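Chemist: What would the 3D arrangement of this be:
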Amino acid sequence: MTEQPSLLALWCVPRSRSTAFERAMYERGDFLVLHEPFSRVCDFGEAEVAGRTCRSQEEVMAALVDTAADRPVFFKDTTDFRFDRLGANPDFLRRCRHAAMVRNPRDTVRSHLVMQSDATSSAMGFGHLWDIVSTVTSAGLPMHLVDGDRLVGDPGTEMRRYCAAMGIDFVAEALAFRQEPPASWKTTERWHAAAGESNALGSSPTGRKQLPEGLERTALEFERDQLPYYERITAALGRGGS
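Modeler: You can find the predicted model right below:
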């Protein structure tokens, strides 16, 4: 790690198993782990960042940088919403070490629609994540790819790849979940039930969600919408990670 504490950003499509990944980072104990501050601002109008109330994307960025001046910070955010202020703050982008997390659109779309049947195609998040990938890489910054499907198949290897890319130690013990889930999950806990109930990274169910016929037609449409963005992301970042 650098002399100045790290600020690690994990940008994720919804339903990519990112909350389970976040829980493994929480188990490490060496990072302050912050849960979806940008999404909370977009969805609820405000977010708490280390005791500081933020009411805009700009305020979230400032709070994250200030907090990381005192201790290492990891945050993850899902791209149900468009985070359109990142490109206007190159200093924030440079301060972070970035990773993107995906999972195949076939399963993420269906998992999302099970939770929110009236969700829009854009809320599946691949287009919004592609915007972030483009913003980060166009700024000449490295970005690592985490794959939610690989994470289930071989969590140790996928986490090792991530840690190497971020420049942090791999902590094998953090793959087992011994602590209670973070309190910050409480307001959106129905979205994190599997991650909250599992006892290790990679132990969540892997079966495809079953949808009623009408929703299945919607899922097929959304999957077709999202697939090109998924392919762009994996092509830009490399399926094996950075």
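
Chemist: okay, CA-based contacts and neighbour counts for the rest of this
Modeler: Will do.

Chemist: ok, then the element right after the lowest-mean-pLDDT helix or strand in the chain?
Modeler: Least confident helix or strand of the chain, by mean pLDDT, DSSP states H and E, is helix 193-197 with a mean of 48. Using DSSP states H and E, the helix or strand that follows helix 193-197 towards the C-terminus is helix 213-237.

Chemist: Identify each buried residue in that following helix, please.
Modeler: 215, 218-219, 222-223, 225-227, 229-230, 232-234, 236-237 (16 or more other CA atoms under 10 Å).

Chemist: Contacts made by that helix with the rest, please.
Modeler: The contact list for helix 213-237 (CA atoms under 8 Å, 6 or more residues apart in numbering) reads 102, 104-106, 109-110, 113, 117, 121, 124-127, 130, 133, 143-145.

Chemist: Please narrow those to those residing in helices.
Modeler: Pro105, Arg106, Val109, Arg110, Leu113, Phe126, Gly127, Trp130, Val133 (DSSP state H).

Chemist: Next, the contact list for the fifth one, please.
Modeler: So the one you mean is Leu113. Contacts of Leu113 (CA under 8 Å, 6+ apart): Ala119, Leu215, Ala219.

Chemist: and the ones in helices among the contacts of helix 213-237, which are buried?
Modeler: Among these, those scoring as buried are Pro105, Arg106, Val109, Arg110, Leu113, Phe126, Gly127, Trp130, Val133 (criterion: 16+ other CA under 10 Å).

Chemist: Serialize those to a markdown table and add fields for distance to Asp169.
Modeler: Formatted as a markdown table, those follow (distance: CA to CA, whole Å):
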| residue | distance to Asp169 |
| --- | --- |
| Pro105 | 31 |
| Arg106 | 33 |
| Val109 | 33 |
| Arg110 | 35 |
| Leu113 | 36 |
| Phe126 | 29 |
| Gly127 | 32 |
| Trp130 | 28 |
| Val133 | 25 |
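
Chemist: Just give me the closest of those residues to Ala50.
Modeler: Set against Ala50, the nearest of those by CA to CA is Val133 (26.2 Å).

Chemist: Relative to Val73, how far out is that closest one?
Modeler: Note on Val133: its distance to Val73, by CA to CA, to the nearest Å, is 20 Å.

Chemist: okay, Gly214: pLDDT?
Modeler: pLDDT, Gly214: 83.

Chemist: And the pLDDT at Pro5?
Modeler: Note on Pro5: pLDDT of 54.

Chemist: same thing with Gln179?
Modeler: 68.

Chemist: Check Val146 too.
Modeler: 98.

Chemist: For it, name its beta-bridge partners.
Modeler: With DSSP bridges as the criterion, Val146 is bridged to Met101.
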